[in-house]
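Asks: next input, structure requested:
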Amino acid sequence: MRIATWNVNSITARLPRLLAWLESSGTDVLCLQEAKVADQQFPYEPLRELGYEAAVHATGRWNGVAVLSRVGIEDVVKGLPGDPGYEGVEEPRAVSATCGPVRVWSVYVPNGREVDHPHYAYKIQWFEALKAAVAGDAAGGRPFAVLGDYNVAPTDDDVYDVAAFEGATHVTPAERAALAELRETGLTDVVPRPLKYDHPYTYWDYRQLCFPKNRGMRIDLVYGNTPFAAAVKDAYVDREERKGKGASDHAPVVVDLEV
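Replies: Residues are numbered from 1 along each chain as shown. Modelled structure (predicted):
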């Protein structure tokens, strides 16, 4: 079984690439982030023509998550119980579903913006709600994983130059502590292998030639419980999909399971 996560940074802009990638990669389940469309505008039909069902939680031009599956979708949950919301609004950042033998969450963790910004406090609160939402499945006997854009680099090795992020979000002790607390529910960081260079970065800014210079970050993560981690046979970053015209600024992270 092949499961992947990908922040497509607008499914409308990325649809031709997404469809081509699904066909060529043989992915069974894709957790997708930053759909940036409302549910009604989601491209259900072209995905259905490729054999994929979709569980979608999206409300408009920002955020939006989905699970695409060609092995079935059941028990869909949209949003986190206890979601703290931002400025009184619950944002579409999480959706879960059971796909064949595996249950997954697709998550788009708040960016945080700046350390002294209210969005940063919201980010930490959102992690607390995520931890509460996944704890039961994380400790269970069914393969389970939380996949998505976490907007946190787990270690200094997961950014090209930690000095460049001094005073910025994505690398702060509080964010990394939130990740550690999430792992304490019974989840393991499934670290992918890079297909080029030494570090499995998943995101490269569009600006300042970050991609050709490999100035990246590993912020798209796969956190799996013990049965999920035990079933992993391979994991890699599909860096090729970051190349070329019209690419997302994130690359897909692919995990192969024997389940």
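
Asks: spatially central residue for the protein, please.
Replies: Among the residues of the chain, the one closest to the centroid is Gly148, at 1.0 Å (Cα atoms, centre = their mean).

Asks: for the residue nearest to that residue when sequence neighbours are not counted, what are its contacts?
Replies: Using Cβ to Cβ, 6 or more residues apart in numbering and skipping residues adjacent in sequence, the residue nearest Gly148 is Val107, 3.8 Å away. (C-beta placed from N, C-alpha, C; glycine too.) The contact partners of Val107, by Cβ atoms under 8 Å, 6 or more residues apart in numbering, come to 31, 33, 65, 93-94, 130, 146-150.

Asks: again with Gly246
Replies: Per Cβ under 8 Å, 6+ apart, neighbours of Gly246: 13-14, 16-17.

Asks: on the three-state scheme, it is what?
Replies: At Gly246, secondary structure determined by DSSP: H, G, I helix; E, B strand; the rest coil is coil.

Asks: burial of the residue nearest to Glu175 when sequence neighbours are not counted, as a residue count?
Replies: Once flanking residues are discounted, Glu175 sits nearest to Val152: 4.5 Å by Cβ to Cβ, 6+ apart. Summarising burial for Val152: neighbours were counted as other Cβ atoms under 10 Å, giving 24.

Asks: make sure Val152 is actually in contact with Asp220.
Replies: No: with contact defined as Cβ atoms under 8 Å, Val152 does not reach Asp220; the gap is 10.5 Å.

Asks: tell me the helices in the protein, going along the chain?
Replies: 11-25, 44-49, 118-138, 173-183, 226-231 (DSSP state H).

Asks: now do the contacts for the residue nearest to Glu175.
Replies: By Cβ under 8 Å, 6+ apart, Val152 lies in contact with 109, 170-171, 175-176, 178-179, 219.

Asks: so which of these comes closest to Ala229?
Replies: Nearest to Ala229 out of these is Leu179 (Cβ to Cβ; 15.9 Å).
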